[in-house]
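In: A predicted structure for the sequence below; I have some questions about it.
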Amino acid sequence: MKNGKKHYTVNYPGFIGLQDNSEYTISLNGKFYIVKIVSKSLPIVVREFDNEFVVKNTKFILPRDGDQLIDITLKKDISPSFSEAAQLIDKDEFYFIIDSEEQNTRTYSNTYYTKLYLKFEVDDIDDDDESKRLFWKYLHNFVQMYKRASDDFILQFSETFHKNAILIYETTWEYSDSDLQFEELERLEFTKHKGFFKPSLSTVSLADYRTNTPSAHYDLEDNTKALKEITQSEYEYNDNEDWSVDLFIKAKEELFHNKNYKYALLDSFIFIESLVGSLVTSAKIERGLSKSTIKNYEKDIGISYQINIELPLLFPSFVGENKAIISDLNKIRKIRNDIVHKGKVVTGEEAAIAIKTVQKFVDIINKNATNIAPSSSRR
C-alpha cells in the first residue's frame, strides 16, 4: 500500500458563513483532517428576454465586473427533476445554471458557492473507494460542526443534494520515506511540495438544488471564532458523537427554509426529549444513582412524567418565574401526539411556536447553568 494524502478543492453549494482564509484542524476518530475556507462565489443570473430555447455557444451579457460575453452550453435532461438546464463556463470556473420559467423571460441562475480546501491522510492512495468514503465523512462532519457553531439553518448537508451538485478537484500526494519521519499533523500541514499539485477534475455534475442566500444575521467573524473554539479544544470527536443539538437546527431549517411545518415541530419535540432526558439523567447521577440503574428503568418513564414531575422536582430553575415553560413544553408534546396518532396537520404558526418554545427552554438552561442542580442543593 502507498501511504499519502488527498487534497480536495471543493466548490460547495451554499454560503458558508466563515471568514475567507480561515483554517480548521479537526480530529475525528483519532485522525486529523484540515479545512480551509478560500472564497465565496456570488450567484449569477442570466435572462433570455426572447424566451427562446438556449443553444450551444449563445452569447449572454452578464452585469458582473462590467459587461462580459459568456458562453452558455446547454445540457438537456440532466436530471429527472427538471427538463432543461445549462452549464455556464467562464474561463476556468464552472457555474451551474438552472432554468426556471417566468412570464416574459427565461431565467438561469445558480446558488452561492463556497470554495474550500479539504485534506487528509489515507493508508492507500490507490484505494479510491476508501478515499471517497473519508471525503464525504469529513465534509459532512465539518458542515455539521459549522452549523452547530453558527446556528446556520440555511446551508444544506451534502446528502440533501445527493453529493452531485458539488464541483470537486482531487490531488493525490504519495509520501516519501522522509515524509513519513514527520508526525501526521506535520505531514498534513507540510506545504513544501504545494507547487507540484496538479488538480484534475474528479467530479462534476448538475443536480436540482435550492438557491441558498446568506442571511443578514451572519457574522463571519463571530462564526469563525465560535468554530475555532470548538476545533481548537482538546476534545476528540468520534462517529458516535451526540449531535442531538443539530435536531434544533434541522427543525429551524424545516420551518424557515423548507416550509415543512410537520417536521419542524417533530424535530423540535425530539430535541426536547433528548435535552430533558439528558438533564434529568445528569441530576440522578449527581444524587448517587448509577448509569446502569437509570438505564434499566428509563423505558418505564415517559417524557410526560419527565417534563411534569422530574424537571420541577430536580431543578429549581423550572419552579417560580420559569414555571410557564413546563406548560409550553406540554403543548408541544400534545401536538406531537396528535400528529402521530391522529394525523394532525401542523400549521406554520404551531411550528413557529414550537421553535420559540425550544429556544426559550434552552435560554432558561443557559441563563441558569450554575443553578441547574438537584433541588436538594437549596437546603
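Out: Received, thanks.
In: what residues sit buried inside stretch 304-317?
Out: Of the residues in stretch 304-317, those with enough neighbours to count as buried (16 or more other CB atoms under 10 Å) are 306-308, 310-312, 314-317. Backbone N, C-alpha and C define where each C-beta goes, glycine included.
In: quick check: mean pLDDT across the helix or strand Asn366 falls within?
Out: Assigned by DSSP states H and E, Asn366 falls within helix 348-367. Taken as a whole, helix 348-367 has an average pLDDT of 89.
In: one more: stretch 33-52?
Out: Stretch 33-52 comes out with an average pLDDT of 66.
In: what about the stretch 251-379 of the chain, any weak spots by pLDDT?
Out: Counting by pLDDT under 70, the ranges of the stretch 251-379 of the chain that qualify are 369-379.
In: tell me which element Arg288 is part of?
Out: For the record, residue 288 is Gly, not Arg. Secondary structure from DSSP H and E places Gly288 outside every helix and strand.
In: check Leu265 too.
Out: Assigned by DSSP H and E, Leu265 belongs to helix 261-286.
In: got the angle between that helix and helix 348-367?
Out: Between the direction of helix 261-286 and that of helix 348-367, the angle (axes from the mean of the first three to the mean of the last three CA atoms, to 10 degrees) works out to 20 degrees.
In: ok so, going back, need the buried residues of stretch 304-317 in JSON lines (columns: distance to Val345 and secondary structure).
Out: As requested, the buried residues of stretch 304-317 are exported to JSON lines (distance: CB to CB, whole Å; DSSP: H, G, I helix; E, B strand; the rest coil):
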{"residue": "Gln306", "distance to Val345": "27", "secondary structure": "helix"}
{"residue": "Ile307", "distance to Val345": "24", "secondary structure": "helix"}
{"residue": "Asn308", "distance to Val345": "27", "secondary structure": "helix"}
{"residue": "Glu310", "distance to Val345": "32", "secondary structure": "helix"}
{"residue": "Leu311", "distance to Val345": "29", "secondary structure": "helix"}
{"residue": "Pro312", "distance to Val345": "32", "secondary structure": "helix"}
{"residue": "Leu314", "distance to Val345": "36", "secondary structure": "helix"}
{"residue": "Phe315", "distance to Val345": "34", "secondary structure": "coil"}
{"residue": "Pro316", "distance to Val345": "38", "secondary structure": "helix"}
{"residue": "Ser317", "distance to Val345": "35", "secondary structure": "helix"}
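In: distance of Tyr263 from Arg333?
Out: As judged by CB to CB, to the nearest Å, Tyr263 and Arg333 stand 16 Å apart.
In: follow-up on the earlier one: show me which of the buried residues of stretch 304-317 is closest to Glu298.
Out: The shortest separation between Glu298 and any of these is 9.6 Å, and it belongs to Gln306 (by CB to CB).
In: which residues are contacting stretch 145-153?
Out: Outside stretch 145-153, the residues that touch it by CB atoms under 8 Å, 6 or more residues apart in numbering are 16-18, 26, 155, 218, 223, 226-227, 229-231, 237, 243, 245-246, 249-250, 252-253, 256-257.
In: restricted to strands, list those residues.
Out: Secondary structure assignment (DSSP state E) places Ile26 from the contacts of stretch 145-153 within strands.
In: in contact with Glu298, which residues?
Out: Here Glu298 is in contact with 277, 281 (CB under 8 Å, 6+ apart).
In: roughly how far apart are it and Glu273?
Out: Taking CB to CB, one finds Glu298 at 12 Å from Glu273.
In: with Ala352 instead?
Out: Distance, Ala352 to Glu273, using CB to CB: 20 Å.
In: ditto for Lys252
Out: 17 Å.
In: the two - which one has more neighbours?
Out: Just comparing Lys252 and Glu273: by other CB atoms under 10 Å the higher neighbour count belongs to Lys252, 22 against 18.
In: strands of this protein, start to end?
Out: Under the criterion DSSP E, the chain carries strands at the ranges 4-13, 23-28, 31-41, 45-48, 58-63, 67-79, 82-90, 93-101, 106-109, 113-122, 167-174, 200-203.
In: go through the buried residues of stretch 304-317 and name the one nearest Asp338.
Out: The shortest separation between Asp338 and any of those is 16.6 Å, and it belongs to Ile307 (by CB to CB).
In: residue contacts, that closest one?
Out: For Ile307, the residues meeting the contact criterion (CB under 8 Å, 6+ apart) are 276, 326, 329-330, 333.
In: same thing but at 6 Å, please
Out: When contacts are counted by CB atoms under 6 Å, 6 or more residues apart in numbering, Ile307 touches Leu329.
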